[in-house]
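J.: Sequence first, predicted coordinates after that:
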Amino acid sequence: MHRATRPADDEARAAPATGQAQHSLVLRAGKRLRHVFDRLIRASSLVSTAPVLDVRAFPWTRELRSQWQAIRDEAERVALPEGAAPPLATISPDPCTLAAVDRWRSFVLCGYGYDMDANLARCPVTARALQAIPGLTNAMFSILAPGSHIPAHRGVTKGLITCHLALVVPRDGDVRMRLDNRVLRWAEGETLVFDDTYEHEVWNDTGSTRVVLLLQFKRPLRQPGRWVADLLLDLVRRSAFVQEARRNLLAWHRAPYAGASPAPNGSFPASA
């Protein structure tokens, strides 16, 4: 005998589908708005809007390069031991589609203006270097496991520019990034400054781990682009995606061992 379906049952079944449809609608609307915002930001940019930017346009990168070995030593000490850095797939659902659990890890120092004070305290040289970067928004040690591939994706906003300081670059194979129609490779101690809103993907076709200090900072802009970019960043910072990811990250670091973190519920964008 089949039980009659009550209205509450129907609502319970409909809720997940409705939520997914609403989420999909928000994402589509957000992408359309992002294109509008990015056009305004591009027109207001005080630096190149090409995929790869000249590091000489950002004088602070020189000081960063001068300290790369000390920064690398801190990364190896605090971020590379087993269980020290959470997989992005654990903290955020977005990277789940980009890299499998344990393939792409991130030791976060700051995210969308929220400092990870305990992590910063463990790497004082890096923390001091970050203080000299104008408009710094995100900073993390990005750790890519051997044999990993991060499929093509795009960044959140043209209002941010990405910088990689290469710390550990394996030499027993090929580790590279395709950015738009260019293939780029890292060199230890060098900085790569680029616009991650161009499609990009990353391969680590080696038997070793690749580590970079990943930074995102505000693009130098004139008005009205500065106002638009700041508004968009504030909306992202306050979004449920970032807030949930922040809580997941804090919970992961409070957990007594890696893997005790909660199921991912938020978004913490990063660029490999």
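T.: The structure has been received and is ready for your questions.
J.: use CA for all of it now, contacts and neighbours both
T.: Noted.
J.: How many residues are close by Gly189?
T.: Residues contacting Gly189 under the criterion other Cα atoms under 10 Å number 20.
J.: Likewise for Arg176?
T.: Here the count is done by other Cα under 10 Å, and Arg176 has 17 residues near it.
J.: begin at 37 from here
T.: In the new count, where the first residue is 37, that last one comes out as Arg212.
J.: For it, which non-adjacent residue is closest in space?
T.: Closest residue to Arg212 apart from its sequence neighbours, by Cα to Cα, 6 or more residues apart in numbering: Arg221 at 4.7 Å.
J.: and what of Val91?
T.: In this structure, Val91 finds its nearest non-sequential neighbour in Val229, 6.2 Å apart by Cα to Cα, 6+ apart.
J.: and that neighbour, what does it touch?
T.: For Val229, the contact set (Cα atoms under 8 Å, 6 or more residues apart in numbering) comprises 88-91, 197-200.
J.: Surely it forms part of a strand?
T.: Yes - under DSSP: H, G, I helix; E, B strand; the rest coil, Val229 sits within a strand.
J.: which residues does it bridge with?
T.: Assessed by DSSP bridges, Val229 has beta-bridge partners Leu89, Cys199.
J.: ok, now how distant is it from Leu201?
T.: According to Cα to Cα, to the nearest Å, Val229 stands 9 Å off from Leu201.
J.: Report the separation between the residue nearest to Val91 and Gly119.
T.: Computed as Cα to Cα, the Val229 to Gly119 distance reads 29 Å.
J.: what are the phi and psi angles of the closest residue to Leu172 other than its chain neighbours?
T.: Among residues not flanking Leu172 along the chain, Phe253 sits closest, at 4.2 Å (Cα to Cα, 6+ apart). With angles defined as degrees, to the nearest 10, Phe253 sits at phi -130, psi 160.
J.: same check, this time on the one 5 residues further on
T.: Taking degrees, to the nearest 10, you get phi -100, psi 170 for the backbone angles of Arg258.
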